[in-house]
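need a structure here:
(one chain, ligands or ions: 1)
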Amino acid sequence: MTDTARSTADAPSAPGAGDFAARAQRIAKVYGSGDAEVIALDGVSLGIPRGRFTAIMGPSGSGKSTLMHCMAGLDAVDSGEVYIGDVELTRLKDKQLTRLRRDKVGFVFQAFNLVPTLTALENITLPMDIAGRKPDRAWLDQVIDTVGLRPRLGHRPSQLSGGQQQRVACARALASRPEIIFADEPTGNLDSRSGAEVLGFLRESVREMGQTVVMVTHDPTAAAYADQVVFLTDGQIVDTMAAPTADRVLERMKGFDLPGVAAR
Ligand SMILES: Nc1ncnc2c1ncn2[C@@H]1O[C@H](COP(=O)(O)OP(=O)(O)OP(=O)(O)O)[C@@H](O)[C@H]1O
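From the prediction side, this is the model:
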């Protein structure tokens, strides 16, 4: 297997845990039971390198969202271990997990999940306001300028385009300088131009700000913005690709030989 991410998380000679913003070790997740049993994750080991952009791809139903939700502490694994930094999530009580998610993890979803009655700026600072933390003004300014939202800070979500709303969501995820950002199909609701803007911004947050980003996507063009692509099939990691291009990713996806994969 050419799977550096997987082997480095597993091997005894692996780099220290500090090299990974998040790690999964032999995690399994089963939904349902009896005839309805679905093995969504089947012993996945994966290290997410710090300060890099990782894309997760695979056919529909291969376990991408489950993997991401388990690694982000949004869903519990049935076995195995998940780490954010050096904290093992399965040992945490609910309250500790909620706090860790709030303080260490940023999320960007396909649906922008903005609060409609708040302005763009209020949406960006909302998680910190809830946590009772003062934003770092200089950092917030940098984030706002990077996503190009300064002229729109007083607008409500309904007064913004889809791409601008997703940029607000990206800025919200970045504002607290999380250990890692999980993005689930962040361009799924955007036209290709707005999608490219959001991807360019995520890319820049990695390059310029040292952010760690993990993104689930169906789109080879989106995956090409990443430093590496991890391929899942049937709940298992089957390959990784460094320095991906859209063409190479598309070719690899065709290799899974499943209807609809290349077309999505
Ligand atoms: N809550 C659930 N209850 C039962 N089965 C589930 C549940 N969530 C996911 N599954 C099943 O687990 C498997 C993996 O699902 P998951 O959503 O992680 O796949 P995915 O690769 O993200 O799919 P897609 O690309 O279609 O979003 C699928 O077979 C799915 O039907």
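
Please count neighbours and contacts with C-alpha atoms only from this point.
OK.

how about low-confidence regions in the stretch 1-150 of the chain?
Scanning the stretch 1-150 of the chain with the threshold set as pLDDT under 70 gives 1-18.

got the residues of it near the ligand?
31-32, 38, 40, 59-66 (C-alpha under 6 Å from any ligand atom).

So what's the residue count around Ala36?
Neighbour count for Ala36, taken as other C-alpha atoms under 10 Å: 8.

who's in contact with whichever helix or strand Thr98 is part of?
Following DSSP states H and E, one finds Thr98 within helix 94-104. Outside helix 94-104, the residues that touch it by C-alpha atoms under 8 Å, 6 or more residues apart in numbering are 72-73, 84, 89, 127, 131, 176-180.

Only the buried residues of it, if you could.
Of the residues in helix 94-104, 97, 100-104 count as buried by neighbour count, 16 or more other C-alpha atoms under 10 Å.

Same list (those) but as JSON lines, adding distance to Leu149.
Putting the buried residues of helix 94-104 into JSON lines (distance: C-alpha to C-alpha, whole Å) gives the following:
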{"residue": "Leu97", "distance to Leu149": "31"}
{"residue": "Leu100", "distance to Leu149": "28"}
{"residue": "Arg101", "distance to Leu149": "25"}
{"residue": "Arg102", "distance to Leu149": "23"}
{"residue": "Asp103", "distance to Leu149": "24"}
{"residue": "Lys104", "distance to Leu149": "24"}
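
Out of these, which comes closest to Glu208?
Taking C-alpha to C-alpha as the measure, Glu208 sits nearest to Lys104 out of the buried residues of helix 94-104, at 19.2 Å.

in the chain, which spans are strands?
Counting by DSSP state E, the chain has strands at residues 20-31, 38-49, 53-57, 79-84, 87-88, 105-108, 180-184, 213-216, 228-233, 236-242.

With mean neighbour count as extra columns, can I get the ones you listed in TSV?
Putting these into TSV (neighbours: other C-alpha atoms under 10 Å) gives the following:
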stretch	mean neighbour count
strand 20-31	22
strand 38-49	22
strand 53-57	27
strand 79-84	20
strand 87-88	15
strand 105-108	24
strand 180-184	24
strand 213-216	26
strand 228-233	24
strand 236-242	20
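
Next, format those as a markdown table and append distance to Glu204.
Shown next, in a markdown table, are these (distance: least, C-alpha to C-alpha, whole Å):
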| stretch | distance to Glu204 |
| --- | --- |
| strand 20-31 | 18 |
| strand 38-49 | 16 |
| strand 53-57 | 10 |
| strand 79-84 | 22 |
| strand 87-88 | 27 |
| strand 105-108 | 16 |
| strand 180-184 | 13 |
| strand 213-216 | 11 |
| strand 228-233 | 15 |
| strand 236-242 | 18 |
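
Just the pLDDT for Ser205.
On pLDDT, Ser205 comes in at 89.

same question, the one 5 residues further on
According to the prediction, Gly210 has pLDDT 91.

Tell me who's in contact with it.
51-52.

Any chance of the backbone angles for it?
Main-chain torsions, Gly210, degrees, to the nearest 10: phi 70, psi 20.

roughly how far apart are it and the ligand?
Distance, Gly210 to the ligand, by C-alpha to the nearest ligand atom, to the nearest Å: 27 Å.

and that residue, how far is that from Gly163?
23 Å (C-alpha to C-alpha, to the nearest Å).

and Thr90, how many neighbours?
Thr90 has 18 neighbouring residues, counting by other C-alpha under 10 Å.

Identify the residue nearest Asp81 in space, chain neighbours excluded?
If you look again at residue 81, you'll see it is Glu, not Asp. Closest residue to Glu81 apart from its sequence neighbours, by C-alpha to C-alpha, 6 or more residues apart in numbering: Gln25 at 5.1 Å.

isn't the one you found right up against Ile48?
No. In this structure Gln25 lies outside contact range of Ile48 using C-alpha atoms under 8 Å: 11.5 Å.

Look up the pLDDT of Val261 for me, please.
Val261 is assigned a predicted lDDT (pLDDT) of 45.
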